[in-house]
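Asks: sequence first, predicted coordinates after that:
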Amino acid sequence: ETGVTQTPRHLVMGMTNKKSLKCEQHLGHNAMYWYKQSAKKPLELMFVYNFKEQTENNSVPSRFSPECPNSSHLFLHLHTLQPEDSALYLCASSQDLLQRGEKLFFGSGTQLSVL
Amino acid sequence: TQLLEQSPQFLSIQEGENLTVYCNSSSVFSSLQWYRQEPGEGPVLLVTVVTGGEVKKLKRLTFQFGDARKDSSLHITAAQPGDTGLYLCAGARGGSQGNLIFGKGTKLSVKP
């Protein structure tokens, strides 16, 4: 148990569906992140939030829409995804924005399949 | 462009054997982290190395940061089935944002 909880654990959706991924951290951290993990690729940073303000959007397509209502909760809204978007989506948090030696705490991820 | 190369990509060994996995880059990092990820779970931080030449030990795991802070290695002594997992290295580029760059990982399987 890392203190970062993601739901759902698994999600299958069609290309026309709208769904949302949820992340909650119980660690009192100020920064939260969305990462994408695909087979045979390094973890890709998608979005960064610090004190619920977005500080980085790593050229992510607009079919992915993040929302951070407060420092403990992070959502990823999905709309008209493509099959190549199938991946493990990981949420993470850290005390502050990553600096030298700062630790990332990951959730268990949502395994997404787009049909 | 991948900045961190991990090798080998896959490693399958018997319980009790020793192994070393590598993380190499042409870039300098302010710090480097090693994570282990088990199937169906997110990565869990094992260690952070900050100083060039630094060596850290975590039970049977020994981590080393290269003198020039461009590479790192992880050595496991007497591997056990519980060591099975994906080992990821991640380099921090520094600055206030300090984005982490991840390697593709080494998938380790330790057979009883």
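Replies: Received the coordinates, thanks.

Asks: which residues touch residue 65?
Replies: Assuming you mean chain A. A:76-79 (Cβ atoms under 8 Å, 6 or more residues apart in numbering or on different chains). All C-beta spots, glycine's among them, are computed from the backbone N, C-alpha and C.

Asks: hmm, I had chain B in mind actually
Replies: Counted by Cβ under 8 Å, 6+ apart, residue B:65 has contacts B:32, B:49-55, B:71-72.

Asks: what does residue A:36 give?
Replies: A:43-44, A:46, A:87-90.

Asks: could you tell me how many residues sit around residue 25?
Replies: By default, I'm working from chain A. By the criterion of other Cβ atoms under 10 Å in any protein chain shown, residue A:25 has 23 neighbours.

Asks: not quite, go with chain B.
Replies: Per other Cβ under 10 Å, the neighbour tally for residue B:25 reads 22.

Asks: just to revisit the earlier point, quick one: which two of the contacts of residue A:36 are the most distant?
Replies: Within the contacts of residue A:36, A:46 and A:88 form the most distant pair, 12.2 Å apart (Cβ to Cβ).

Asks: mind telling me which residue of chain B is nearest chain A?
Replies: Residue of chain B nearest chain A, by Cβ to the nearest Cβ: residue B:42 (3.1 Å).

Asks: check the gap between that residue and residue A:25 for me.
Replies: 12 Å (Cβ to Cβ, to the nearest Å).

Asks: give me the common contacts of these two.
Replies: Jointly contacting residue B:42 and residue A:25 under the rule Cβ under 8 Å, 6+ apart are residue A:4.

Asks: write out the residues of chain A neighbouring chain B.
Replies: A:2, A:4, A:6, A:40-43, A:45, A:48, A:55-56, A:90, A:92, A:97-109 (Cβ under 8 Å from any Cβ of the partner chain).
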